[in-house]
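Asks: Just the structure for this:
(2 chains)
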Amino acid sequence: MKRQQFLAAAALFATATLGFSGAASAQEVVKIPCVCELSGAGAVSGTNYRDGARMAVDEINAAGGILGRKIVMTDMDTQTDPQTSRALVQKAIDSGAYAIMGTVYSGSTIVNMMVAQRAGIVQMTGSEAPNITERGNPYIFRTSSGAQKGVPALTAYFKDQLKVKKIAVEWVNNDFGKGGHDVFRKEMKRVGIDVVADVPSEQGQADFSADVSKIKNSGAQAVFVYLNEEEDARFLKEAKKQGLKVPLVGEVTLTGQKVIDLAGGAAEGAFAHVGLATSAPIPSIEKFVAKFKKRYGRDTDHNGIKGYIGIYAIKYATEMIGKFDSKALAKKLHGLTLDASKYPGMLLTTSWDQHGELSRESFMTEVKNGKQVVIGTVPAN
Amino acid sequence: MSQFLQVFLSGLSTGSIYALAAIGFTLLWQAAQTVNFAQGEFVMLPAFFVLIGIHWLHLPLWLSLIFGLIVAVIVLGLLFKKVVVEPMLPNGGLPLIIATMALSILLKEGTKQFYGAEAQPFPNIFPQTTMTLDGAVISVQDIMNLVVSLGVVVGLTLFLNRTRTGRCMQATAQNPEVAEILGVNVKRMVLYTFLVNAALAALASFLISPIYLAKFSNGETLGLVAFIAAIVGGFNQIRGALVGGLLIGVLDNLTATYVTTEYRAALPLVMLIVIILWRPQGLLGTSEGRQV
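Replies: Model (predicted):
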C-alpha cells in the first residue's frame, strides 16, 4: 500500500513538474544580461549603467515587454577585470542571451567584445575608447560617443576661449585613457598648442602629489584631465591642496556628480565636455533623473542614462525587425536614427553609423555650487 | 628647488602615514612573532567606523573620530587577539599568518558588502590651506599629517622606553618566559601591544582617508607598502619601520616627479629586493638567530 502511495505521489509530482515547465515555456522571455563593473575600480560607472538599464527593463516589462516577451536581465559582475568580463560574456551567450549590456570600462570591452562577435550577439557598450569601433566588429554598439568625437569638441574651447599656448595632460594609463590621450595629442598638434607636461597615472592610483607638482612646474596654462571618476576626485583634491590655479578641463567624467561628491569643494570650477549630462535642461533627461533618484534614492551620472537608452535601443530596433534575431538586430542598428520624439526611451535623438559609433547632441558643463551645470550644447557630429 | 621641497615634504607626509602602519607590523612581530597580512585592512576599516559615526549616528566629526578610534581598538585590537590570534597561536606561526590572510579577505569583502564598492568621501581633518615657503607652496594638511604621525611615533617610543608599562611590554617582546618569572603580566602586555597596533592603524586611516578616499580596497596598496617599509627599515625595530615608511614616501614622490610616473609602483619592490640582498635585517634592524 505504501509502495502504491509512493508511486502515486511520484506520478503526481512528475505531472505537476511537466505541467509547470510547459507553462513556463509558454511565458517566453528574452534574455539581455548586464555584464558590468559592479565592484572594483569601475563600480561607480558599472553600477549606474546597470541601474539605468534595470529601470528601462522594468518599464518595458510593465508595458508588455518586447514583441510580447518579458526581458530577463541578470547581473554579471566583472569586478573590473577584463579576463573575468570575457568569461562572463561567454557565460551570458551560453545562457541564451539575445543581446548583452556592457561592459563600461574600455579595457574590458576590448577583450570581451570578440567573444560576442564570434557568437553574433549584439553588445551595447558604455565604453568610449576610440579603437572599440575601429576593429570592424559588426556587433558592437556604443551608448555614448567615443573619445575621437568627444575630445575634439574641446579643442575650440582651449584655443579660442581659454587661448592657451601651453597645456598639460593628466591621463589614466588604461585603454580608456590612452584612447583619449592619443586623440588629445593629435588635436593639440593640429591647432599648435604645446603639450608641456604629459603625465600618465595608474588606474586606482591614490597619490597624485607628484603628478600635480609636475604639472604645476611645467608652466601649463590649463590641464586636460582624462581619468576615471575616483582618480578624478583624488586629482582635484590634490590640485586644490597644492594651489594649482589653472583651469582644469575634462571629458566625460570630471564634472560628474560622483566626482563632485567625492572631491568636495575641490571640484568647483572644473569644466568638461560630456556626451550625456544628467543636469541637461532637457525635459526627457530631467524626467529620467527624477525617476532614477526616486527609485534608487541617489543621483546617477551619465552612465545611468547610457544603460537606460541601451535597453530601449534594443527594444525599438527589435520591434522594427519583428523577430528575435541578433544578426538582423545588428544589421538594423547600423545606420539607424532613433528620433526621441517618436522613440521617447532614447531621451535624445541618437544615430549609429556602420561601425556602431554613435552621434548625438552633447554638452559643455561646469561645476558650480557643488552641481554640474550645463553651459552649452554641441550639435551631433 | 621649490618643486623639490614641495615634493619632498609631501612624500614625508605620506611616508609618515605608511610608517604608522609599518610600526604595527613590527609591534605584532615582537608580541606574537607573526606577520599580520590584514594590516592594510586594519588601516582601511577605521575610516568606515568614522563614516558610520557621521552618517548613521549623526555625530559631529570629532566625536566620530573618537568613536572610530574606540571601535577600532575593540575590534582590531581586542577581538583580533581573542578571536584570531589566541586560538591560532598555539598551532604555530604559519597557521596564524594564513588566518590573517583570511581575515584580510573577510574585512575587505565585508566592508564592500556593508558599505558598497564605491569610494566614499571622507571629511578633511585639517584645513585645506597652503603656505609659501621659499617659493614652494606647502599644504597645511601635509605638514599636520607629518607632525601628528611623528608626534605619535615619538610618544610611543617614549612610552615604551620611559614608562614601567612600556618597559614591561619590551621585556615581554624580548623574552616572555623571563619576563613572567620577573613578575610581568605577559598576557596583559601582549594585549596592550594589540591595542596600540589598532590605535596606530586607526590614526593612519584617519590621516590618509581624506586623500585616498574611504574605499574597501584601500588596504591592498597600504598593506603592501607598509609591509615593505617594515622590512626595508628593519622588522624588529620601531625606528626602522619609521625610516622605511618615510623613505618609501619620499622616494616614490621623487621618482614620479623626476624619473618616471609609469614605474613608480615598482620602486618599493625594487627597494625590497636590494635591501634583502644587501642587508637582510633591514636598514636599522638587528639580526635575529633562530634555532631549528
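Asks: Chain B contacts on the stretch 101-250 of chain A?
Replies: Contacts of the stretch 101-250 of chain A with chain B, taken as C-beta under 8 Å from any C-beta of the partner chain, map to A:173, A:199-202, A:204, A:206-207, A:209-211, A:213-214, A:216-217, A:230, A:233-234, A:237-238, A:240-243. (Each C-beta comes from the backbone N, C-alpha and C, glycine too.)
Asks: low pLDDT regions in chain A?
Replies: A:1-27, A:381 (pLDDT under 70).
Asks: Pop the domain breakdown of it in here.
Replies: A:29-145+A:282-360, A:149-274 (automatic domain parsing).
Asks: will you turn these into a markdown table that also has mean neighbour count?
Replies: Listed next are the domains of chain A as a markdown table, based on neighbours: other C-beta atoms under 10 Å in any protein chain shown:
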| stretch | mean neighbour count |
| --- | --- |
| domain A:29-145+A:282-360 | 21 |
| domain A:149-274 | 22 |
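Asks: B:E118 is nearest to which of these?
Replies: domain A:29-145+A:282-360 (5.1 Å; C-beta to C-beta).
Asks: distance between the ends of the closest one?
Replies: 31 Å (C-alpha to C-alpha, to the nearest Å).
Asks: Show me where chain B has its helices.
Replies: B:2-32, B:39-55, B:61-72, B:86-88, B:93-115, B:140-162, B:164-174, B:176-181, B:186-212, B:218-233, B:238-254, B:267-278 (DSSP state H).
Asks: As CSV, those helices with mean neighbour count and distance to A:A119 would be great.
Replies: Output for these, formatted as CSV (neighbours: other C-beta atoms under 10 Å in any protein chain shown; distance: least, C-beta to C-beta, whole Å):
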stretch, mean neighbour count, distance to A:A119
helix B:2-32, 25, 47
helix B:39-55, 25, 40
helix B:61-72, 18, 50
helix B:86-88, 15, 48
helix B:93-115, 16, 32
helix B:140-162, 17, 52
helix B:164-174, 17, 61
helix B:176-181, 14, 64
helix B:186-212, 23, 41
helix B:218-233, 25, 35
helix B:238-254, 25, 45
helix B:267-278, 14, 40
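Asks: Without its sequence neighbours, what residue ends up closest to the spatially most central residue of chain A?
Replies: Centroid-nearest residue in chain A: A:G126, 2.7 Å away (criterion: C-alpha atoms, centre = their mean). Once flanking residues are discounted, A:G126 sits nearest to A:V104: 3.8 Å by C-beta to C-beta, 6 or more residues apart in numbering or on different chains.
Asks: quick revisit: need the domains of chain A in TSV (columns: distance to B:T100).
Replies: Below are these laid out as TSV (distance: least, C-beta to C-beta, whole Å):
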stretch	distance to B:T100
domain A:29-145+A:282-360	23
domain A:149-274	23
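Asks: In the stretch 101-250 of chain A, which residue sits closest to chain B?
Replies: For the stretch 101-250 of chain A and chain B, the shortest gap (C-beta to the nearest C-beta) falls at A:A210, measuring 3.4 Å.
Asks: now do the stretch 251-381 of chain A
Replies: Per C-beta to the nearest C-beta, A:L262 is where the stretch 251-381 of chain A lies closest to chain B, at 4.9 Å.
Asks: I'd say that residue and B:K215 touch.
Replies: No: if you go by C-beta atoms under 8 Å, A:L262 and B:K215 don't touch, sitting 9.9 Å apart.
Asks: shared neighbours of those two, which are they?
Replies: A:230, B:119-120 (C-beta atoms under 8 Å, 6 or more residues apart in numbering or on different chains).
Asks: how about CSV for these, with distance to B:L106 added?
Replies: As requested, those are exported to CSV (distance: C-beta to C-beta, whole Å):
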residue, distance to B:L106
A:E230, 24
B:A119, 20
B:Q120, 20
